[in-house]
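Novice: Give me coordinates for this.
(chains A and B)
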Amino acid sequence: MQRDTVKRFYLIHSWIGALTAILMFVIAFTGAVSVFGRPEIKIWAHEELHRPIAIPHASLEARLRNVMAEVPAGYRDDIQILMPGVRRSPYLSFLFQRDDENADGSTYRDVIRLDNDPQTLELVERRQGEQRELLDTERKDLADFLITFHADLHLDDPIGLMITGLLGLTLFASVVTGVITHRKILREAFTFRPFRSLRLLFTDTHKVLGVWGLLFHSVIAFTGAFLGLAVVILLPAAAFVSFEGDLDRMVETYLPVDAPAKSGVHANLEIAGVLDAAASADRGEIVTVQLLGGEDREAVALVYTLAGEGIIGETQRYRVSDAALLETYTQFSRVGGAAGVLLDTMFPLHFGNFGGLFVKFLWFFLGLGTAFLALSGAMIWIERRAYGPIGQLSSTAYHNISRLVLGSCAGVVLATTVLFHLQLLVLPRVSETGPWLMGTFFGVWLIAIVWAQLQAKVYQAARLLLGAAGVSACLVPAVSAITGHGGLVAIGNSAFSVAMGTELVLICLGLALLYVSLRLPSERPAEKTAIDETSQEPPTVAAMPAPVEGAVR
Amino acid sequence: MGGARLFSRPLGRSLAATLGVLLTAVLTTAGMAAYLPLNQANQVVLPIILFPVTWLVLFLWVLLDQRLWRPLLGLLVLSVGHLLLILANIGRL
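Specialist: Numbers count the residues shown, from 1 in each chain, chains lettered A, B, ... in the order given. Predicted structure coming up:
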């Protein structure tokens, strides 16, 4: 490849990285934490989920029949059961749904939602309203907050998803241009010199994280771009072409939820048999059960499961009256062909929710790698300009950019750890959790950014912010014990639980943050020699002249 | 070796690489449903899945081609061609 072409690739790589670094760090870091959002952090956040949940199927069926008697008949043909602590819901929730029409002919779904305690099965809350409205107004916990922030930055549709989708595209471009730029990729995978100089620390970290996480970064970028942009741009565009703009009709065509043909013969809703059959099939943990057809003899139950031994979760379709398994399929297998397979793999590959805790930890650490890849890239960009020959702004300007990058990145880590304290101290005591989560997270983050800007020594600011995040994470189990929340404090009298594991991981992460904080210098150390500086850069770009950068800018 | 030799017309190139490429990639993705030799579901869904690849190829072409007019012409032909296919497909042509 021509030398100039490689230089162009390098410039594209460095400028994409510089322009998106902060946002990339924020999305990647919250994404890494979100890998454990559902169910681990959700279970930790809700005390009622700390003890193992084993609802006898007969009890669940009896509870459903009891509450059904109080629900108007029109709502009984489409019932969803959300199993507690598996994905979204901390409760055993029954959703009775009915499609209605507005005066203008448009349709909406009215829902009666009954949340039941997962241990006692007593009613906790009853809500009724339009589906979207119920979703928007449900009590959020820190797991919901972090997952939503990772997906759309808490910005309204379609802006948030577009931004994260476009960020996926830029990460994809960064990966490809990075591979082409760093052609001695195998040698770089084994070159790590953290204690020689700060600039070597950044460049070696960037290369090692980039090379070892190459496949992961590519997969996350590709699937992230798809997940962000598909819903807000690509599917509506496809629906415009093939379905006269009717997105709902397109979804119904490719992903039909087949309601059964009713026989008119009454049958009791004996769902315990279906749950027994689904459990004995051993396909994966049950997330949701959808009952279609009410108390008709031909009523069916769609049992949605997490991935069992494979990568993809399944849907099992049973006839309720005799618990006969009618069909097993995946979410997109009925699309057919390569598209169905690709769609089915897109979601688990992004979320890492297959293969148990091993894959979750792998995705978590690789996700942190993506975050630090963005941060180290930005710091290389700044270092080369603040202390090298190619900077076109003043040294003060680059130091301010450095403060912004480090303050934003360390600040989001601190804000995330503070949310755990908020979950323990405030959220169980307030009726509306959303404003508290938003105010605390963005408040702490903003204060960290402003505070970092006011510090004379930028590395000292980063050290203190990371140290504060480390202390905050280490203190979570103590606050948990003081508030009687459970978790590690229960280690003496209970089996190892998810809540304990979550707090143990928080302590480990807190200690890691404290270690990094202690190892970082409080000031940028001076470079030893000029030879050191040039030997750190990729050979293809070492001789890059300053005017080239200006042309892109 | 000046910047102009590596990246001519930086402003126009940047605009083409961001807005131009995004618009073209979306139109191409939507318009492919009109001619891909696949069943209807795959006609619609496969281009959507491959959207990141379509975008990346166009993005790098716009940034790397020394003669900017070539990728600009390419974007124009792709956009107009697929727009016409879309209009024909929805019966407005």
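Novice: Buried residues in the helix or strand hosting residue A:327, which are they?
Specialist: Assigning secondary structure by DSSP states H and E places residue A:327 in strand A:324-330. By 16 or more other C-beta atoms under 10 Å in any protein chain shown, the buried positions in strand A:324-330 come out as residue A:330. Using the backbone N, CA and C atoms, a C-beta is placed for each residue, glycine as well.
Novice: what does that strand contact?
Specialist: Around strand A:324-330, the neighbours that count as contacts under C-beta atoms under 8 Å, 6 or more residues apart in numbering or on different chains are A:277, A:281, A:283, A:300, A:312-319, A:340, A:344.
Novice: now the stretch 201-350 of chain A, which segments are flagged as low pLDDT?
Specialist: Judged against pLDDT under 70, the stretch 201-350 of chain A has no low-scoring part.
Novice: rerun that using 90 as the cut-off
Specialist: The stretch 201-350 of chain A contains residues with pLDDT under 90 at A:201-204, A:231, A:235-264, A:266-270, A:279-285, A:294-295, A:306-313, A:331-341.
Novice: tell me which parts of chain B are close to chain A?
Specialist: B:1-7, B:10, B:14, B:22, B:26-27, B:29-31, B:33-34, B:38-49, B:51-52, B:55-56, B:59-60, B:63-64, B:86, B:89-90 (C-beta under 8 Å from any C-beta of the partner chain).
Novice: one step back: give me the next element, helix or strand, following the strand holding residue A:327.
Specialist: Past strand A:324-330, the next helix or strand by DSSP H and E is helix A:337-351.
Novice: what packs against that next one?
Specialist: The helices and strands touching helix A:337-351, judged by 3 or more C-beta pairs under 8 Å, 6 or more residues apart in numbering or on different chains; DSSP states H and E, are helix A:214-229, helix B:40-49.
Novice: Alpha carbons of that helix, as PDB, please.
Specialist: What follows is helix A:337-351 as a C-alpha-only set of coordinates in PDB (Å, rounded to 0.1, in the frame of the first residue of the first chain):
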ATOM      1  CA  GLY A 337     -32.700 -17.300   5.200                       C
ATOM      2  CA  ALA A 338     -29.500 -15.600   6.200                       C
ATOM      3  CA  ALA A 339     -31.300 -12.500   7.400                       C
ATOM      4  CA  GLY A 340     -33.100 -14.400  10.100                       C
ATOM      5  CA  VAL A 341     -29.900 -16.000  11.400                       C
ATOM      6  CA  LEU A 342     -28.000 -12.700  11.300                       C
ATOM      7  CA  LEU A 343     -30.800 -10.900  13.200                       C
ATOM      8  CA  ASP A 344     -31.000 -13.600  15.800                       C
ATOM      9  CA  THR A 345     -27.200 -13.400  16.500                       C
ATOM     10  CA  MET A 346     -27.100  -9.600  16.400                       C
ATOM     11  CA  PHE A 347     -28.700  -9.100  19.900                       C
ATOM     12  CA  PRO A 348     -26.800 -11.700  22.000                       C
ATOM     13  CA  LEU A 349     -23.500 -10.700  20.400                       C
ATOM     14  CA  HIS A 350     -24.000  -7.100  21.400                       C
ATOM     15  CA  PHE A 351     -25.300  -7.800  24.900                       C
END
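Novice: Contacts for that helix, please.
Specialist: Applying C-beta under 8 Å, 6+ apart, the external contacts of helix A:337-351 come out as A:35, A:219-220, A:223-224, A:226-227, A:307, A:311-313, A:330-335, A:354, A:363, B:38-39, B:41-42, B:45-46, B:49.
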